[in-house]
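S.K.: Sharing a model that was predicted from the sequence below.
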Amino acid sequence: MTEPRTAPAGKERVSAPGYLLERRAQPNRAATTPPLYFAVLVVACSIALCHEVVARQTGAYLAAGVGPPRAIALAGAALGALVGLAAVWKTERDTRGLLSFLLAASSLSASGSAFLLFFAFPRASLFAFTSLGLPALVAGLSAAMLLATFRALGRTLRQLDALEQLLNPFRLLGFAAAFGIAAAAAAQVGLLRSAAFIGLVLAVLSVWCPRLFVWLEPGSLRVTNAVRSLGFVALAAGVLSLFGAERLVPLEELAFHEGEILYTQKSEQRRYTIASSQHALSLFSGHSLRLSTLDEHRYFESLVQPALAVAKRRERVLVLGGGHGLVERELVRDATIRQITLVVPDRALPELARRLAWLNRRAESALFSARLELIEEEPILFLAETPRSFDVAILDLDDPVDFVEGKNYTRYFYALLAARLEAHGVAALQATDAFATPRTFASVLESLRAAGLKVLPYQAPIATIGNWGFALVSREPLVPPRAPISAARFVSPEALAQMFELSRDVRVAGEAPSLLHDQRAVARFSEERSTRGK
């Protein structure tokens, strides 16, 4: 007599008249969901970590050309990924225990990556090592983590038909929405917070990993106390990273800057911020743009070269403001200048500029010139107290955004300036955006005239800030210069001729001068900026 056929394990027998059918038993959904979600999170975090460090951080810090070539960092990341894959492929250890360690190590690298770049940025040699080493390390850990996950969970997920559940269209839609929201949020919270958040998720996975495998196969996994402790250390590091990010770069700073914030430094008086956007770096003092590597040569050549070209003597030069080295660069290039007196309200800026290798290179080490004298004092107090006089004065002061800055745009301030100029002396100053704030521009010009100075206004197109207004002033009548005194990238005889031909839409009549007790420049600047939505 023939024995009845028995369905294989995992299948159930279904009888019908004349047929013997076998149908695969449905896997336990409760058993499938935890390993499925664990694997999806590991894959998502690996991709997010590589994108964050290899693509986003490298793009922000290296795309502007202020560090090692970005191609070398990407090549290092590719090599690191191959090394990570090879290391896990050849290992004979139980990858389930190794996976927990890799998750914790990846978490620590994620939480610390943006902070390492942040603090290394002002230090050239350390920054070069960090910006090249981090992508390789992260790519290697991510590749090793993915392969270890596949080897540890691959058979389990196949047995539970996890792929079939993953391909459910509603589940896929949910994953896609979650990833999209996470990507959008990362762009809004900055480099420090997004990296810390990825590290925090990886730390949670590291702590969950041993418990998951014990749940799947009780008693099958032994994880050392050191690996367990490393997971909790990574969890604490992720939480501390989020708090540290707020301390270094507050959320309100992120709301103001459109690009990625690379570095900030706060002195007793103000915060200095370096942001990366459009493959260029920008330096902000408070919320005022001081320079952009995209077109800084246009602004500083337009500010300095016309004054040097019309000055009869250029031995003693006064600089009010500046401090980043780029005004000073234009002056140091002129060998006839014997002394440059730089007066800044906060010496933290020139000290920062000296430490930043990329900015020091652009400034051609002008802040280290033996001809430069640095004085920390409010410009208005220096003019009121100093007995010295100067052949040329260059004013690169912040816009009149408030009454603190507005005092440097008053008739009183310009009268002090006039007293510090030699009889033949010339001064050049920035006078706000001539096109976006024409009434403020007109008020500045009237304040100069009210102080007894002869005024020669001009303008220059600066891509990052607009059609900027400047003014040449002296106690003697001035004639527009015809050519710069030295070779320049932007200022040429043709450019100078156009600068001193003011267009009609920047000419405003009837503005009153700005006074200490009635700062018209501040009021006009506020009105025009709010009208134009800036």
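M.R.: Perfect, thanks for sending it.
S.K.: Which strand residues bridge L291?
M.R.: Here L291 sits in beta bridges with L283, as judged by DSSP bridges.
S.K.: From L349, how far out is it?
M.R.: If you measure L291 against L349 using CB to CB, to the nearest Å, the figure is 11 Å. Heads up, the C-betas are built off the backbone N, CA and C, glycines and all.
S.K.: more crowded one of these two?
M.R.: When L291 and L349 are compared on other CB atoms under 10 Å, the one with more neighbours turns out to be L291, at 27 against 23.
S.K.: sorry, back to before: shared neighbours, L291 and L349?
M.R.: H324 (CB atoms under 8 Å, 6 or more residues apart in numbering).
S.K.: Let me see the contact set for R70.
M.R.: Applying CB under 8 Å, 6+ apart, we find R70 in contact with T58, G59, L62, A63.
S.K.: Could you identify which of the residues you listed has the most neighbours?
M.R.: Neighbours here mean other CB under 10 Å. Within the contacts of R70, the largest count is held by L62, at 25 neighbours.
S.K.: Not counting its neighbours along the chain, what's nearest that one?
M.R.: Sequence neighbours aside, R70 is the residue nearest to L62 in space, at 4.3 Å (criterion: CB to CB, 6 or more residues apart in numbering).
S.K.: those helices in the stretch 51-200 of the chain, which residues are they?
M.R.: Secondary structure of the stretch 51-200 of the chain by DSSP state H, counting those that start in this stretch: the helices cover 58-62, 70-90, 95-120, 124-159, 162-166, 169-216.
S.K.: With respect to V43, which of the ones you listed lies nearest?
M.R.: Shortest distance between V43 and the helices of the stretch 51-200 of the chain, using CB to CB, is found for helix 124-159: 6.6 Å.
S.K.: Show me how far that closest one is from its chain's centre.
M.R.: Between the mean C-alpha point of helix 124-159 and the mean C-alpha point of its chain there is a distance of 25 Å (CA atoms, centre = their mean, to the nearest Å).
S.K.: do stretch 105-121 as well
M.R.: The chain centre lies 15 Å from the centre of stretch 105-121; the measure is CA atoms, centre = their mean.
S.K.: Can you give me the buried ones in it?
M.R.: The neighbour-count check on stretch 105-121 (16 or more other CB atoms under 10 Å) flags 105-118, 120-121 as buried.
S.K.: Stretch 64-75 now?
M.R.: Going by 16+ other CB under 10 Å, stretch 64-75 has these buried residues: A64, V66, G67, P68, R70, A73, L74.
S.K.: Please identify which pair of these lies farthest apart.
M.R.: Every pair in the buried residues of stretch 64-75 was compared (CB to CB); the two farthest apart turn out to be V66 and L74, at 16.8 Å.
S.K.: quick one on the thing from earlier: pick the one among the buried residues of stretch 64-75 closest to W468.
M.R.: A64 (22.4 Å).
S.K.: who's in contact with that closest one?
M.R.: Applying CB under 8 Å, 6+ apart, we find A64 in contact with S276, H279, A280, L281, T293, W358.
S.K.: List buried residues within those.
M.R.: In the contacts of A64, burial by neighbour count holds for S276, A280, L281, T293, W358, counting by 16+ other CB under 10 Å.
S.K.: Please convert those to a markdown table, extending it with distance to L216 and pLDDT.
M.R.: As requested, those are exported to a markdown table (distance: CB to CB, whole Å; pLDDT from 0 to 100):
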| residue | distance to L216 | pLDDT |
| --- | --- | --- |
| S276 | 45 | 90 |
| A280 | 52 | 90 |
| L281 | 50 | 92 |
| T293 | 54 | 92 |
| W358 | 52 | 90 |
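S.K.: just curious, which of those residues is nearest to L496?
M.R.: Distance to L496, by CB to CB, is smallest for T293 among those, at 23.9 Å.
S.K.: Now do that closest one against L254, distance only.
M.R.: When CB to CB is the yardstick, T293 and L254 sit 21 Å from each other.
S.K.: Low-confidence ranges, this protein, go.
M.R.: Under the criterion pLDDT under 70, the flagged ranges of the chain are 1-32, 92-94, 157-187, 219-224, 532-534.
S.K.: ranges for the strands of it?
M.R.: Secondary structure of the chain (DSSP state E): strands at 11-16, 19-24, 260-266, 271-277, 280-285, 288-292, 316-321, 339-344, 372-376, 390-396, 421-433, 454-462, 466-474.
S.K.: out of those strands, nearest to V491?
M.R.: strand 454-462 (8.4 Å).
S.K.: Pull the number of nearby residues for E217.
M.R.: Other residues near E217 come to 10 when the count uses other CB under 10 Å.
S.K.: for the helices of the stretch 51-200 of the chain, which one sits closest to L342?
M.R.: In terms of CB to CB, the element of those nearest to L342 is helix 124-159, at 23.5 Å.
S.K.: now, which of the buried residues of stretch 64-75 sits nearest P345?
M.R.: The shortest distance between P345 and any of the buried residues of stretch 64-75, using CB to CB, involves V66 and amounts to 26.8 Å.
S.K.: Next one: K407 from L421, what distance?
M.R.: Between K407 and L421 the computed distance is 19 Å (CB to CB).
S.K.: Could you do L235 as well?
M.R.: As it turns out, when the distance is counted by CB to CB, L235 lies 64 Å from L421.
S.K.: Which segments of the protein make up each domain?
M.R.: Domains of the chain are assigned by automatic domain parsing as 31-248, 259-288, 294-531.
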